[in-house]
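A.B. asks: Here is a sequence with its predicted model. Questions after.
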Amino acid sequence: MMSITEEDFELELRSLPGVLNVGMSHGDSGDVEAVKLVILGQSPGPIRTQATQIANLYYPGVTIELEVADAAQSTSQVTSRVALLSADFDEVSGVCEVRLAFEGRVGVGQAKSGRLIGAVEGTLAALKDVDREIPFHLEAVTTVPTVRGCPVVVTLRSFTDDVDLYGIAQSDGDPLSAARATLNALNRFLTNPIDAQ
């Protein structure tokens, strides 16, 4: 199980533009020793600089490794994972509608719970619409002011135990950010449920 410090560290790294995935390896002391970032569509130099600055706040001296994913690799990953198509909030009705694709199917979910909660609940409903049973519920969703904007952080809690999944994303508008943050957490569960726990 990740420590609170590691969770915060990972969330900061995932908020960097173009970061698709974050992997961490630990030393004998249990602290993070090396970090591997998979990036797409960004220059490695600035990402390495930003990641090093963040790492120095949590684990000074940690090694940062970057892997640049090409477009073909990214496309193949998306087809086996959940892809967000849209997340829209209707000001009049108060309904947030989320549309996503998974393994060739399109799912639609709606929730009348506001911009943030509605987007998370709409994402979970859209997953059910493509017959994906997700054993997690919304625990918390919030925006976090940073120097790079206001990313949305989502915490999902397991129905059966105290396992939490965390996701973070920043997009144009709160509903899209919340939906992407939800999928940021759930994509890891859908790809490998054992590792997510």
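C.D. replies: Sure, I can see it.

A.B. asks: Would you mind measuring the gap between the ends of stretch 52-68?
C.D. replies: Length of stretch 52-68, first residue to last, C-alpha to C-alpha, to the nearest Å: 17 Å.

A.B. asks: what does stretch 24-39 give?
C.D. replies: End-to-end distance (C-alpha to C-alpha), stretch 24-39: 15 Å.

A.B. asks: which residues of the chain fall in helices?
C.D. replies: Applying DSSP state H to the chain gives helices spanning 4-14, 44-58, 71-79, 115-129, 174-191, 193-196.

A.B. asks: Count the residues that sit near the closest residue to residue 101 other than its chain neighbours.
C.D. replies: With C-beta to C-beta, 6 or more residues apart in numbering as the criterion, residue 101 has its nearest non-adjacent residue at 4.6 Å, and that residue is residue 83. In this view, the C-beta of every residue, glycine as well, is placed from N, C-alpha and C. Applying other C-beta atoms under 10 Å, we find 17 other residues in the vicinity of residue 83.

A.B. asks: Tabulate the helices of the chain in TSV, adding columns for distance to residue 33.
C.D. replies: Converted to TSV, the helices of the chain look like this (distance: least, C-beta to C-beta, whole Å):
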stretch	distance to residue 33
helix 4-14	12
helix 44-58	11
helix 71-79	26
helix 115-129	33
helix 174-191	21
helix 193-196	19
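
A.B. asks: Let me have those in TSV, adding mean pLDDT and mean neighbour count as columns.
C.D. replies: Formatted as TSV, those follow (pLDDT from 0 to 100; neighbours: other C-beta atoms under 10 Å):
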stretch	mean pLDDT	mean neighbour count
helix 4-14	78	17
helix 44-58	87	15
helix 71-79	43	12
helix 115-129	94	24
helix 174-191	83	24
helix 193-196	45	10
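
A.B. asks: what's the closest of those to residue 108?
C.D. replies: Of all the helices of the chain, helix 115-129 sits nearest to residue 108, with 5.7 Å by C-beta to C-beta.

A.B. asks: residues making contact with the closest one?
C.D. replies: 82, 84, 87, 89, 94-100, 102, 107-113, 134, 136-138, 141-143, 152, 154, 173-179, 181-183, 186 (C-beta atoms under 8 Å, 6 or more residues apart in numbering).

A.B. asks: Just the CA atoms of it, as PDB, please.
C.D. replies: C-alpha atoms of helix 115-129 as PDB (Å, rounded to 0.1, in the frame of the first residue of the first chain):
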ATOM      1  CA  ARG A 115     -20.100  19.700 -12.100                       C
ATOM      2  CA  LEU A 116     -17.600  17.700 -10.200                       C
ATOM      3  CA  ILE A 117     -19.600  15.000  -8.400                       C
ATOM      4  CA  GLY A 118     -21.900  14.600 -11.400                       C
ATOM      5  CA  ALA A 119     -18.900  14.100 -13.700                       C
ATOM      6  CA  VAL A 120     -17.500  11.300 -11.500                       C
ATOM      7  CA  GLU A 121     -20.900   9.600 -11.000                       C
ATOM      8  CA  GLY A 122     -21.600  10.000 -14.700                       C
ATOM      9  CA  THR A 123     -18.300   8.300 -15.500                       C
ATOM     10  CA  LEU A 124     -19.100   5.400 -13.200                       C
ATOM     11  CA  ALA A 125     -22.600   5.100 -14.800                       C
ATOM     12  CA  ALA A 126     -21.100   5.200 -18.300                       C
ATOM     13  CA  LEU A 127     -18.800   2.300 -17.300                       C
ATOM     14  CA  LYS A 128     -21.800   0.300 -16.200                       C
ATOM     15  CA  ASP A 129     -23.400   1.100 -19.600                       C
END
